[in-house]
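Q: Would you be able to build a 3D model of this:
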Amino acid sequence: MNILITGGTSGLGKATVELLQKDGHQIYFSYLANEKFTAVAKELEDTYSNVKGEPLNFCEDDSVDAFCKKITAWNIDVLVNCTYVGRPQTTYFHKIVPEDFLKAFQFNIIPTVKITQASIDVMKKKKFGKIINIITEAVIGLPPMGYTLYAANKAYLMELSSVWNKEYTRYNITSNCILPAYMQTAFAEVDERILDQMIKNHPLKKLLTPEEVANNIKFFVDASQQVNGVKLQINAGTLLI
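A: The predicted model follows:
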């Protein structure tokens with residue numbers, strides 16, 4: 001299958017690229033074209049013949065629009081919405097200026113909407129497709145303090161996924177969500193003392209890894225089209241809906 005993963009040069013996105021390419025899929029991934037991620041993208045392309053990176057800046061409309069135009073040529077079967085711009089933890093709700101809510105929405109939801117719309121256009125013609133959305137367990141229960149923008153945008157994406165379930169099942173397109181607990185990555189880096197306490201309080205005494213979550217993305221890639229509308233929590237059963 002032809003699989004598009006947004007944000008494929010670090011953390012969960014990179015782990016997913018490396019896992020799914022093993023099955024012979026054609027993997028396309030987006031990356032921010034700075035020095036660090038460009039180097040990682042080149043390394044992935046040089047290492048795997050079935051992997052192709054494409055620069056994308058979620059914060060620039062022209063970049064997003066140009067990226068979307070290429071999706072038709074890629075003949076996408078699977079879209080993994082993984083990218084998030086910003087940090088999960090910022091500050092208390094009352095300290096966030098209204099303009100920051102708008103920016104967070106513009107830089108995360110709008111690009112994801114455009115990319116998903118472009119992918120659905122391809123999938124509808126094929127009468128087949130899979131959309132896999134990376135959410136967070138912060139949208140269930142009580143999110144950690146400082147997660148206002150992150151949790152709100154992820155909750156919005158999760159509700160969009162329900163809309164896609166309703167509107168596109170007749171085209172044989174599925175939309176599923178993965179809600180992982182905290183993963184120890186550069187994206188969600190915390191103070192070492194907090195990290196130690198999180199590990200101590202964890203029932204398995206180990207935190208979730210990107211590789212473990214990538215394996216669950218693979219489950220949805222491989223699953224029957226009967227698997228649709230699922231919101232899969234990966235948190236060792238510490239928080240249940």
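
Q: where's stretch 129-136 relative to the chain centroid, distance-wise?
A: Relative to the centre of its chain, stretch 129-136 is centred 7 Å away, using C-alpha atoms, centre = their mean, to the nearest Å.

Q: Name the nearest residue to Leu160, ignoring sequence neighbours.
A: Leaving aside its chain neighbours, Leu160 sits nearest to Val113 (7.4 Å; criterion: C-beta to C-beta, 6 or more residues apart in numbering). Quick note: C-beta positions are derived from backbone N, CA and C, even for glycine.

Q: buried set for the longest helix belonging to the chain?
A: Secondary structure of the chain read by DSSP state H shows that its longest helix is helix 98-126. Going by neighbour count (16 or more other C-beta atoms under 10 Å), the buried part of helix 98-126 is 104, 107-109, 111-112, 114-116, 118-120, 122-123.

Q: Now do the helices for the chain: every range, in order, please.
A: Going by DSSP H, the chain shows helices at 11-20, 35-47, 61-74, 98-126, 148-168, 192-201, 210-222.

Q: Turn the buried residues of helix 98-126 into TSV, including distance to Phe58 and pLDDT.
A: As requested, the buried residues of helix 98-126 are exported to TSV (distance: C-beta to C-beta, whole Å; pLDDT from 0 to 100):
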residue	distance to Phe58	pLDDT
Ala104	11	96
Phe107	5	97
Asn108	7	97
Ile109	10	97
Pro111	4	98
Thr112	8	98
Lys114	10	98
Ile115	9	98
Thr116	13	98
Ala118	14	98
Ser119	16	98
Ile120	19	98
Val122	20	98
Met123	22	98
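
Q: Of those residues, which is the nearest to Ala152?
A: Distance to Ala152 across those (C-beta to C-beta) is lowest for Ala104, with 7.7 Å.

Q: before we move on, back to that, which among the buried residues of helix 98-126 gets closest to Met1?
A: Using C-beta to C-beta, Met123 is the member of the buried residues of helix 98-126 that lies nearest Met1, at 11.3 Å.

Q: Look up how far Lys69 lies from the nearest residue to that closest one once chain neighbours are set aside.
A: Spatial nearest neighbour of Met123, chain neighbours left out: Gly129 (2.8 Å); criterion: C-beta to C-beta, 6+ apart. Between Gly129 and Lys69 the computed distance is 18 Å (C-beta to C-beta, to the nearest Å).

Q: report the longest strand in the protein, please.
A: strand 173-180 (DSSP state E).

Q: Export that strand to CSV, keeping only CA atoms.
A: The C-alpha trace of strand 173-180 is given here as CSV (Å, rounded to 0.1, in the frame of the first residue of the first chain):
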residue,chain,number,x,y,z
ILE,A,173,-12.7,4.5,4.1
THR,A,174,-12.0,3.9,7.8
SER,A,175,-10.9,6.4,10.4
ASN,A,176,-9.4,5.2,13.7
CYS,A,177,-7.7,7.0,16.6
ILE,A,178,-4.8,6.0,18.8
LEU,A,179,-4.7,7.6,22.3
PRO,A,180,-1.2,6.9,23.7
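
Q: Just the angle for that strand relative to helix 98-126, thanks.
A: 140 degrees (axes from the mean of the first three to the mean of the last three C-alpha atoms, to 10 degrees).

Q: Show me what strand 173-180 is packed against.
A: The contact analysis (3 or more C-beta pairs under 8 Å, 6 or more residues apart in numbering; DSSP states H and E) places strand 173-180 against helix 98-126, strand 129-134, helix 148-168, helix 210-222, strand 231-234.

Q: What's the mean pLDDT across stretch 226-240?
A: Stretch 226-240 comes out with an average pLDDT of 86.

Q: Identify the residues contacting it?
A: For stretch 226-240, the external contacting residues (C-beta atoms under 8 Å, 6 or more residues apart in numbering) are 135, 137, 140-141, 158, 161-162, 165, 169, 174-181, 202-204, 208, 212-213, 216, 220, 241.
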